[in-house]
Structure formats: C-alpha cells, structure tokens
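sequence below, structure please.
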Amino acid sequence: MPAPLQSMANAIRALSMDAVHRAKSGHQGMPMGMADVATVLFTKFLKYDAARPDWADRDRFVLSAGHGSMLLYSLLHLTGVKAVTMEQIKNFRQLGSNTPGHPEYGHTPGVETTTGPLGQGLATAVGMAMAERHVAARFGDGLVDHRTWVVAGDGCLMEGVSHEAISLAGRFKLAKLTVLFDDNNTTIDGEATISETGDQLARFKAAGWAVKAVDGHDFAKIAAALRWATRQDKPSLIACKTKISKGAGPKEGDPHSHGYTLFDPEIAAARAAMGWTAEPFTVPDEVLKPWRAAGRKSARVRKAWEAKLAASDLKAEFERAMAGDLPEGAFAGVDAHIAKAEAEKPAAATRQHSGAALAELVPAIPEMVGGSADLTGSNNTIVKGMGAFDLPDYAGRYVHYGVREFGMAAAMNGMALHGGVIPYSGTFLVFSDYSRPAIRLGALMGIRVIHVMTHDSIGVGEDGPTHQPVEHVAALRAIPNLNVFRPADAVEAAECWKLALESTKAPSVMALSRQKVPAVRTTVAGENLSARGAYQLAGASLPAQVTIFACGSEVGVAMAARDLLEADGVGARVVSTPCWELFDAQPADYQAQVIGETDVRVAVDAGIKMGWERFIGEDGAFVGMTGFGASAPAEVLYKHFGITAEAVAAAAKAKL
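Below you'll find the model as predicted:
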C-alpha cells in the first residue's frame, strides 16, 4: 500500500488526541487504534461523497463504539464534510458544537445513527442492511445497491443485543453487512479477558457469518480483508487485531489509555513516535489533499446514479418513499373503515381493531414493513398478502424477528434511518422492558417507528403477573418525544394508527388490549378526535359534578360508571385520553376545557396511578392497581382488584 496511508491515518490520531486533550474529556484510544482500518475503508472501499453525505445510495458507516466519536468526526472533517469544520473539532464535547461526546443522528451531517449505549449501533446497522435489501427488491439494484459497514468493539459484542442482532443478520444472510471488530482486548476495567474469554469468530461463524482475522495495522492485509468481505454471500466479520492508542508511544497498547489519559508529555511522545510535527489542530496540505480526494472519489458514481434515477420511471415513487411521504389516498380505506365502525359499533379486543386498521393501511402504503417477536397471532400485525421478508429476493413485507425484542426494536430504528421503509412490529407490552433502550434512542433521534404492544394490562388474564404490565404504560410515557397511544375501541384504534403514520419526527407505541372491549365511539365525529390526545367522549345529562378520565380498555368501565352515577342523580362526564403526549401539545384553553371544573375528578386504569395527577390533581380519586396482578380470567381480575364501574361510581360519590 502507498506510504501516504500512514500519514493519513496519523492525521486521525493527531486530531483525536488534540480534541480529547482540549476537552479534557473523551476517548482517544479507539480512534487511534482503528485509524488504519478506517483509512483503508474510507479511501478504498466506502461509497461515499462528502459533498452529499445524505445521498440515497451511499454506503452506510455506523460507529457502534460511539465513545470513539473522534474517529468519525476526524473522518468527516478530513474528507470534506462542510459542517464539520476544524472549529467544530476544537469544540469537541462542548455545548452547541456538532461534535458531541457520542455521535447523534440529525445533529451532525454524515452521522447515520445515534450511538452511545454499546451494541445498539450494530443492531441498528442490521436494520439498515435489511432495509437496503428490501428497497432494492422493490426498486431494483440499479437504484439501490450499497453496503453497511460497522465498527464495533469488545463492549458492543458483550452487550446482549449483539447476540440478537448477529443471529438475525445471519438468518437473513445480509451479505452487504460487514462488522469491523476492533479486537484490542480492552475494556474500561482493563484487559477484556478479565470478563470475556469467548471466541468471537466462532460465535459469529455459528450465527451464519463469514469470518476472518487480520492485522489491523497492516494496510495491505486490511484492504485484502475488506475486498474479501465484498465477495461473501453472507454477513461478514473482520476481527481487526489492533493496539489501543496505536502510535501513542509508551501509552500504545495500555488498556488504561481507553479514555482521557494522554496529557502534554504523553502527546509530545506520541507525536514524536509518529513523526507528526504539525501544530495542534493542523493537518499538513500533503496529508489533507489525499483525504479530500477520498471524500470526492465517489462523486462520479453519485452523479451517474442521479442520472439513472432521473431517467427511471420509478423516480417519483422512489423519491416519495425515501422522503417518507405517504402516498396519495393512503387513508381512504381506513377512513371508510372508521365510518363503518361508527355505524356498526363492533366489540372486540383493541389488538383486533388494530389488525383491522392495518388491513386497510398496509395495502395502501407500500413502505409499511411489519413483523413480530414470535407473537404474530397475538399481536395481529400481519396482513394477508404481505409475504415473509426472506431470501432470495427480500421483497416480503413481514419480518419474523423471533424472540428478539431488543434486536427487533433496534433493527426497526435502522430501517427508518435508512429510508424507504416505515417499520412496525409487535410484542407484548410487558416486554417493552426489553425493547426500551432502542425505543428511547428512536425517540432521541426523532424517527418514525411504530411499536405494537398488545396484552396491555391485567386483562392479559391467566398468564399472571409476570405478563401483566401494570407500570409499563407509565414508564413509556416518561420517555420524551414518544407518542404512547392506548385506544379504546375500533374508531380510536384506527385514528391512532393514522396519527402514528403521520408522526415523522417521533416514534409511537400502540398499547392494545387482549380482552374484548365495547364500542364507545358511537356517533360520527367528522374529525380525528384522538389527534387532540384527550377529548370529552360523553357529557353529563345533569349538571356535571363528576368527570371520569380513562384510556384504552377502561374507557368502557368509565362509561358504565357514568351511567350508574347519572341513574343516581349525579351528573357525570367521561373524558377519553388516548395519547397524553398529544394532549400536552394542545393549547391551554383546550386542555382546561377538557379537564373541566367539576367538583370531583376520577381516573380509572388497570395500571398504576403515576401520571394521572395531570388530569385528576393531587386530591382526585384513582381506581386502579397498586401492586402486581394475578393469574385468573380477565373479568375475574377486574372484579378482584376493584376495577369496576361500581367501584368508580363509589369513589366519585365518596368525594362528593
């Protein structure tokens, strides 16, 4: 390999040392160790144009080991991404910079996904690779033909989500996915062998991957390994044997040089060891020029692709799909379904109502790709004719994720980030504990991912308290920028699906019942009432003294309690609250109008009280759960725990 590659790699090392030292915070160890591998990847293999880091057919590069963010920021700056200036490199980890401590999607051009919690970048990249194959099956390899490259470290591969991700990728033979393992035997506590002695190559090979080990500091061998990866018919792992803080003189290979450990004397020694004489935050022209050339090397490929797209009959549809815009008339079928439900008033579980809405939406919106964590029949997430996402052509729109809730949620994030796919999939609400870290990252990134979470309360019934999610809705509502929908019947379920699909800047959770619920939206509204987050479902026929608040399966309980109160001469109104986050976004006067000024406010929920204070105040009455559930039929449990219309009416009367 040409000698300049060493100087180009040393530029990454110098910038990483300088930025971490100036911030007095960060991790220079991994960027210095993987600088040689990254240099070969970006100069010889990555299909990437720094002038257009959002080009649709670019290769995706995911830094799963996000603590080593200066590797990525150095690459973006050196290749010529305009937004990542030297001033931004100097402001590493500072308020207002686009070089935060861990890469953040939407914050820095060229950053494909938010990485920080180890392992999630790898799992998200699996979703990107899945989306690439699916969108290619739809639009053809002429428009979609790119790879996904991942840099992961020991920590990423220790995290449990990595096991889910690599087995999923191996099952689907995602041949355009390559993981570059920074095999430096280092964790924060010391050498990785103090906690891990497994054979990573054997593990990946057992999961169906092609595997290879390489000297991570030999440019020729690195290039040969990357070339090998592009010829495989399955995902590939390249274990790059590296030294942490490579080039740092006496600190090279020191397990404790993972984080900020290079001070003035150590940096001076490192510069001397590398023969780097430039001033801090300075890259000599003879080094910068080949880097900038690397940033431009795919410009002709991009322009040829743009010409191909311009000449394609699929241009408009491809651009619409990649932009995330819904097709014209996307909601025509579901609107007719809503009108039918208003007229026929069907009683069923809201998971079934959700499935009925999907039956109208999936055929109308070709980007929707569904799935389930081995609970398809329970989640009602499949629609006739979807077909399974699988070899040989990946055109199917339904993913059998297996029992991999965390991996599934992270992969859906990757699909949404890739574009051309609107992912949704299902599991039981109680298993949102397994999905939660990926749900949180999706909310942080502001991407459209829809999590179908059925069996949403003690209404699960006989499976017992291990499967009864009494606190999970409240916990999900605590995540910023996540819309948690808990619809009450067929109409609200369809309305909430429309809102989730329109929500391009926030993920959604659909919390759905296992047990049958009555229809409560029995009159034609003429608008999507769920869009307000909460609304008066039923007014009082007498002067209103009581307001009952509920969502989901308990709205029927609230309506029955209203009837009991009114029969006893107590005016009562019912407010349905399908999405608290949307209600919080309403004007203050609307919120005040919905909450009202009755003497008594009561909430009923087959979950815990947390959060209901926003509707009932600190002195309002609550009918619901204070502990875990039990194993029995749903109707028995509701009576056993006192979540009944009679209990709600009694609680209201006690407050009057």
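
drop to CA atoms for contacts and neighbour counts, all remaining ones
Fine.

now the strands: where do they sit in the stretch 301-450 of the chain?
Ranges of strands in the stretch 301-450 of the chain, per DSSP state E, counting those that start in this stretch, are 348-349, 368-372, 398-400, 422-428, 450-454.

what's the offset of the second one from the middle of its chain?
Pointing back at strand 368-372 there. 14 Å (Cα atoms, centre = their mean, to the nearest Å).

tabulate the strands of the stretch 301-450 of the chain (a markdown table), appending mean neighbour count and distance to Pro235.
Shown next, in a markdown table, are the strands of the stretch 301-450 of the chain (neighbours: other Cα atoms under 10 Å; distance: least, Cα to Cα, whole Å):
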| stretch | mean neighbour count | distance to Pro235 |
| --- | --- | --- |
| strand 348-349 | 20 | 41 |
| strand 368-372 | 26 | 21 |
| strand 398-400 | 23 | 18 |
| strand 422-428 | 28 | 22 |
| strand 450-454 | 27 | 27 |
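
mind putting those in JSON lines, distance to Glu492 included?
Shown next, in JSON lines, are these (distance: least, Cα to Cα, whole Å):
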{"stretch": "strand 348-349", "distance to Glu492": "12"}
{"stretch": "strand 368-372", "distance to Glu492": "20"}
{"stretch": "strand 398-400", "distance to Glu492": "25"}
{"stretch": "strand 422-428", "distance to Glu492": "18"}
{"stretch": "strand 450-454", "distance to Glu492": "15"}
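
now the ones you listed as TSV including distance to Ala56 and mean pLDDT?
As requested, those are exported to TSV (distance: least, Cα to Cα, whole Å; pLDDT from 0 to 100):
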stretch	distance to Ala56	mean pLDDT
strand 348-349	41	98
strand 368-372	19	98
strand 398-400	23	98
strand 422-428	16	98
strand 450-454	23	98
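
quick one: closest of those to Ala634.
Evaluated over the strands of the stretch 301-450 of the chain, closeness to Ala634 peaks at strand 348-349, with 12.2 Å, by Cα to Cα.

against which helices or strands is the closest one packed?
With contacts taken as 3 or more Cα pairs under 8 Å, 6 or more residues apart in numbering; DSSP states H and E, strand 348-349 sits against strand 516-517.

quick check: end-to-end length of stretch 137-153?
Using Cα to Cα, to the nearest Å, the end-to-end distance of stretch 137-153 comes to 32 Å.

ok so, going back, tell me which of the strands of the stretch 301-450 of the chain sits nearest to Ala538.
Across the strands of the stretch 301-450 of the chain, the minimum distance to Ala538, taken as Cα to Cα, is reached by strand 348-349, at 20.6 Å.

so what are the sheet partners of the closest one and their directions?
In the sheet, strand 348-349 lines up against strand 516-517 (antiparallel) (DSSP bridges).

surely Pro100 meets Gln94?
Yes - proximity of Pro100 to Gln94 meets the contact threshold set by Cα atoms under 8 Å, at 6.8 Å.

okay, Asn185 and Thr242: tell me how far apart.
9 Å.

more neighbours: which of those two?
Between Asn185 and Thr242, counting by other Cα atoms under 10 Å, Thr242 is the more crowded of the two (25 against 21).

what sits against that one?
For Thr242, the contacting residues are 33-34, 182-184, 215-217, by Cα atoms under 8 Å, 6 or more residues apart in numbering.

what is the nearest of those to Ser541?
Out of the contacts of Thr242, the member with the shortest distance to Ser541 (by Cα to Cα) is Asp182, at 69.4 Å.

quick check: that closest one is in a strand.
Yes - using DSSP: H, G, I helix; E, B strand; the rest coil, the assignment for Asp182 is a strand.

I'd say it and Met34 touch.
Yes - contact criterion Cα under 8 Å: Asp182 and Met34 qualify, at 6.7 Å.

and the contacts of the one helix or strand Ala38 maps to?
For Ala38, the element it lies in under DSSP states H and E is helix 35-40. Contact with helix 35-40 is made by 5-6, 8-10, 12-13, 71, 216-219, 222-223, 240, as judged by Cα under 8 Å, 6+ apart.

and the helix or strand just after it, which strands flank it?
Using DSSP H and E, the helix or strand that follows helix 35-40 in sequence is strand 60-63. Strand pairing for strand 60-63, determined by DSSP bridges: strand 148-153 (parallel).

next structured bit after the strand it pairs with?
Under the assignment DSSP H and E, the closest C-terminal helix or strand after strand 148-153 is helix 154-158.

which helices and strands sit right next to that following helix?
Here helix 154-158 touches strand 177-183, strand 186-187, going by 3+ Cα pairs under 8 Å, 6+ apart.

the inter-axis angle of the first one versus strand 148-153?
Direction vectors for strand 177-183 and strand 148-153, defined by axes from the mean of the first three to the mean of the last three Cα atoms, to 10 degrees, enclose an angle of 20 degrees.

quick one: strands adjacent to strand 177-183?
Using DSSP bridges, the strands paired with strand 177-183 are strand 148-153 (parallel), strand 236-241 (parallel).

quick check: mean pLDDT of that strand?
Averaging pLDDT along strand 177-183 gives 98.

what's in contact with it?
Here strand 177-183 makes contact (Cα under 8 Å, 6+ apart) with 30, 33-34, 122, 125-126, 129, 147-154, 229, 235-242.

where does this structure dip in pLDDT?
Low-confidence segments of the chain, defined by pLDDT under 70: 1-3.
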